[in-house]
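Trainee: can't give you the sequence, but here's the structure:
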């Protein structure tokens, strides 16, 4: 089999019986493995010895013959450099907001802790220490998400033939915490009304649409006059407003799917009354990505659209989700007693020396986000025994199994009809 080990410090004389030093004796690495087709030569120092060189030769010969050889020196790149130079530039996310989220997670939870390690040095002990660090600073959902991002990065390194093994996927002794199973909680009618009444009347219609049609917050903000189908008692969910960086744009709803939601005449009347007092406002935003397109095709796809929005921002334009949460939603939750009152601190105004302003900080409460209205919509529909497939379609889920996983605990208990049918089956067979 091709390949050999060369001793560069000593060689045999013509008789082959006596060893004599070469001109390189005691200089550089002593042993060189070479001659394997497709495998770059590798040198070993005197401490590793001929035994180590021969072992590597045998392994490289075997892997090369099977077409599985990966030069371990390719794994010497730092994880940070691999992510920045090879993994991230090749991700190519179509959705810029998804790209922003992924980049934030990777550079927050992975790069600072493991970035200075070589790819081939990230094994079980390093993963254990990293998980322990993350568990002390973040919840199980965040840790689980970071683990899967790292697993994706290391798998890309395997595919790029930089390392031979992805220890995130090959180790049973090191596993991330399980992602908490979602158990959403529906609000009572009293809670919904209390939060709605605590809002400025300009924004109360958002509560009606959220609980009456199950729309996500961004979909409510992107709802336009043209999407209200009074004749067929439906709302057409065709777009959302999303934030990419610091800018807003229109985009398809989550999952890139439009949908129709049947709604009660009461909700249509509420929307009509709202529009009579506060007419829809034309808002012009780019489509899908606010960044200028680099190609003619990108510029065409991102061409701004104009829609008469039912719920524009307080100062015109599109509603910003962060402004909605901090200035409208959480103050209403606090006033309604759903979350505690905010902590008030004073911060200096940089442009005005000696002047400070009051800053309110509300407690984090994911279970009481705008999604609580969507959960309430799902609860009412399931309690009315609407088919799970229909509810899934109205919610805009990819398939009914997602809806079932999230809302199974909200489905009404069996009422005995199956037991009666089974009894009738047995009686009929006798």
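Mentor: In hand now; what should we look at? Bear in mind that the values here come from a model prediction, so they are computed numbers and not experimental data. Numbers count the residues shown, from 1 in each chain.
Trainee: pretty sure residue 186 is in contact with residue 374, am I right?
Mentor: No. In this structure, residue 186 is not within contact of residue 374 by Cβ atoms under 8 Å, at 9.6 Å. C-betas here are computed from N, CA, C, even on glycine.
Trainee: Spit out the residues that contact those two alike.
Mentor: The contact sets of residue 186 and residue 374 do not overlap (Cβ atoms under 8 Å, 6 or more residues apart in numbering).
Trainee: how does this protein divide into domains?
Mentor: 4-69, 75-170, 189-348+355-372, 373-429 (automatic domain parsing).
Trainee: all strands of the chain, in order?
Mentor: Per DSSP state E, the chain carries strands over the ranges 4-7, 10-12, 19-21, 31-34, 42-44, 228-229, 234-237, 240-244, 247-251, 259-262, 281-285, 305-309, 343-348, 356-361.
Trainee: Can I get the ones you listed in a markdown table including mean pLDDT and mean neighbour count?
Mentor: Below are the strands of the chain laid out as a markdown table (pLDDT from 0 to 100; neighbours: other Cβ atoms under 10 Å):
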| stretch | mean pLDDT | mean neighbour count |
| --- | --- | --- |
| strand 4-7 | 82 | 14 |
| strand 10-12 | 83 | 12 |
| strand 19-21 | 82 | 10 |
| strand 31-34 | 83 | 20 |
| strand 42-44 | 81 | 18 |
| strand 228-229 | 96 | 18 |
| strand 234-237 | 97 | 21 |
| strand 240-244 | 93 | 22 |
| strand 247-251 | 95 | 22 |
| strand 259-262 | 96 | 17 |
| strand 281-285 | 97 | 17 |
| strand 305-309 | 97 | 18 |
| strand 343-348 | 85 | 10 |
| strand 356-361 | 84 | 11 |
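Trainee: Can you say which of those strands is nearest to residue 59?
Mentor: Comparing these against residue 59 with Cβ to Cβ, the closest turns out to be strand 31-34 (10.1 Å).
Trainee: hang on, the earlier thing: export the strands of the chain as TSV, with columns for distance to residue 293.
Mentor: TSV is the format used below for those (distance: least, Cβ to Cβ, whole Å):
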stretch	distance to residue 293
strand 4-7	57
strand 10-12	65
strand 19-21	67
strand 31-34	51
strand 42-44	48
strand 228-229	32
strand 234-237	26
strand 240-244	13
strand 247-251	12
strand 259-262	28
strand 281-285	15
strand 305-309	15
strand 343-348	39
strand 356-361	39
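Trainee: of these, which approaches residue 133 most closely?
Mentor: Closest approach to residue 133 among the strands of the chain (Cβ to Cβ): strand 356-361, 26.4 Å.
Trainee: Packing partners of the lengthiest helix in the chain?
Mentor: Selection of the longest helix in the chain by residue count, based on DSSP state H, yields helix 140-159. If contacts are counted by 3 or more Cβ pairs under 8 Å, 6 or more residues apart in numbering; DSSP states H and E, helix 140-159 sits against helix 79-82, helix 96-109, helix 124-135, helix 167-170.
Trainee: which parts of that helix are buried?
Mentor: If you call a residue buried by 16 or more other Cβ atoms under 10 Å, then helix 140-159 has these buried ones: 142-147, 149-154, 156-158.
Trainee: Can you give me the end-to-end span of stretch 21-33?
Mentor: End-to-end distance for stretch 21-33, by Cα to Cα, to the nearest Å: 19 Å.
Trainee: Residue 245 contacts residue 99, doesn't it?
Mentor: No. Using Cβ under 8 Å, residue 245 makes no contact with residue 99, being 10.2 Å away.
Trainee: who has more neighbours, the two?
Mentor: Using other Cβ atoms under 10 Å as the criterion, residue 245 and residue 99 rank with residue 99 on top: 16 against 11.
Trainee: Need the nearest residue in space to that one, chain neighbours excluded.
Mentor: With Cβ to Cβ, 6 or more residues apart in numbering as the criterion, residue 99 has its nearest non-adjacent residue at 3.8 Å, and that residue is residue 93.
Trainee: What ranges does the stretch 201-350 of the chain have for its helices?
Mentor: Taking DSSP state H, counting those that start in this stretch as the test, the helices found in the stretch 201-350 of the chain are 205-213, 217-221, 265-277, 296-301, 321-324, 330-335.
Trainee: can you list these in JSON lines and add distance to residue 198 and mean pLDDT?
Mentor: Listed next are these as JSON lines, based on distance: least, Cβ to Cβ, whole Å; pLDDT from 0 to 100:
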{"stretch": "helix 205-213", "distance to residue 198": "10", "mean pLDDT": "96"}
{"stretch": "helix 217-221", "distance to residue 198": "17", "mean pLDDT": "98"}
{"stretch": "helix 265-277", "distance to residue 198": "17", "mean pLDDT": "96"}
{"stretch": "helix 296-301", "distance to residue 198": "41", "mean pLDDT": "91"}
{"stretch": "helix 321-324", "distance to residue 198": "14", "mean pLDDT": "93"}
{"stretch": "helix 330-335", "distance to residue 198": "4", "mean pLDDT": "95"}
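Trainee: In CSV, list those helices along with distance to residue 253 and mean neighbour count.
Mentor: CSV is the format used below for the helices of the stretch 201-350 of the chain (distance: least, Cβ to Cβ, whole Å; neighbours: other Cβ atoms under 10 Å):
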stretch, distance to residue 253, mean neighbour count
helix 205-213, 12, 24
helix 217-221, 6, 25
helix 265-277, 18, 14
helix 296-301, 17, 11
helix 321-324, 14, 15
helix 330-335, 24, 20
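Trainee: quick one, which of these is nearest to residue 82?
Mentor: Residue 82 sits nearest to helix 296-301 of all those, at 28.0 Å, using Cβ to Cβ.
Trainee: Relative to the whole chain's centre, how far out is the closest one?
Mentor: Distance, stretch centre to chain centre, for helix 296-301: 26 Å (Cα atoms, centre = their mean, to the nearest Å).
Trainee: what about residue 418, distance to residue 156?
Mentor: 49 Å (Cβ to Cβ, to the nearest Å).
Trainee: Then residue 37?
Mentor: Distance of residue 37 to residue 156, given as Cβ to Cβ: 27 Å.
Trainee: what do you get for residue 97?
Mentor: Taken as Cβ to Cβ, the span from residue 97 to residue 156 is 22 Å.
Trainee: Which pLDDT value belongs to the closest residue to residue 239 other than its chain neighbours?
Mentor: Leaving aside its chain neighbours, residue 239 sits nearest to residue 222 (4.3 Å; criterion: Cβ to Cβ, 6+ apart). pLDDT, residue 222: 97.
Trainee: what's near enough to touch residue 222?
Mentor: 238, 239, 240, 241, 250, 307, 309, 318.
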